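K.L.:
okay, predicted coordinates and the sequence, questions at the end:
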Amino acid sequence: DVYKRQGINAEYGDMKATFGAGCFWGVEKFFRKEFKEGLISAVVGYCGGKHVNPSYKDVCTGKTGHAEVLQLEYNPDKVPYKDLVHFFFRMHDPTTLNRQGNDVGTQYRSVIFYHNEDQKTEAEKIIEQLQKSGKFSKPIVTTLEPASQFYIAEDYHQRYLENNPGGYCNHRIYW
């Protein structure tokens, strides 16, 4: 229906946002910390590939086309989409192609999966502003892709760094 196509939860009027910025453990940790109760849900999984219902093992081969992503459900009256996008660019390096730190491969690409044309337009505008701002010495390589089927990652990946405080994370706030 029209609400699903626009990324809207018809029952609550909430929106979805989907971001890939390297290993999804750190992406989830940073977004949860930054936006707390402004988020209705935050789930890690896979998006942007061709393989149906991929596993972590499948995605790690780099052959499925999926990115490790965080899918958020949020209320736009509490958390504007532009705030999510700005934070996305603050918490990872969008100038490295298919890599974040030690994580290398297309599954770690910098990508925004947009759920409607307004999200795409907002993301394009922010990318243009950031590129002109001089915050990054290299070009931003983040891709904008229409949101495709999202597959929830295995249970042990959900809230991974919350459940494993010493776990691997290469994310930080850059500015």
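P.N.:
Noted; the coordinates are in hand.

K.L.:
which one is Glu34 nearest to, not counting chain neighbours?
P.N.:
Among residues not flanking Glu34 along the chain, Phe87 sits closest, at 5.6 Å (Cβ to Cβ, 6 or more residues apart in numbering). Any C-beta I mention is one placed from the backbone N, CA and C, and that applies to glycine too.

K.L.:
for Thr106, that is, sorry about that
P.N.:
Residue nearest to Thr106 in three dimensions, not counting chain neighbours: Asn98, with 5.1 Å by Cβ to Cβ, 6+ apart.

K.L.:
any idea how far the one you found lies from Ala21?
P.N.:
12 Å (Cβ to Cβ, to the nearest Å).

K.L.:
those two: which is more packed in?
P.N.:
Ala21 (27 against 16; other Cβ atoms under 10 Å).

K.L.:
let me know the helix or strand that the nearest residue to that one once chain neighbours are set aside is in.
P.N.:
Counting by Cβ to Cβ, 6+ apart, His92 is the residue found nearest to Ala21 once chain neighbours are left out, at 3.8 Å. Under the criterion DSSP states H and E, no helix or strand holds His92.
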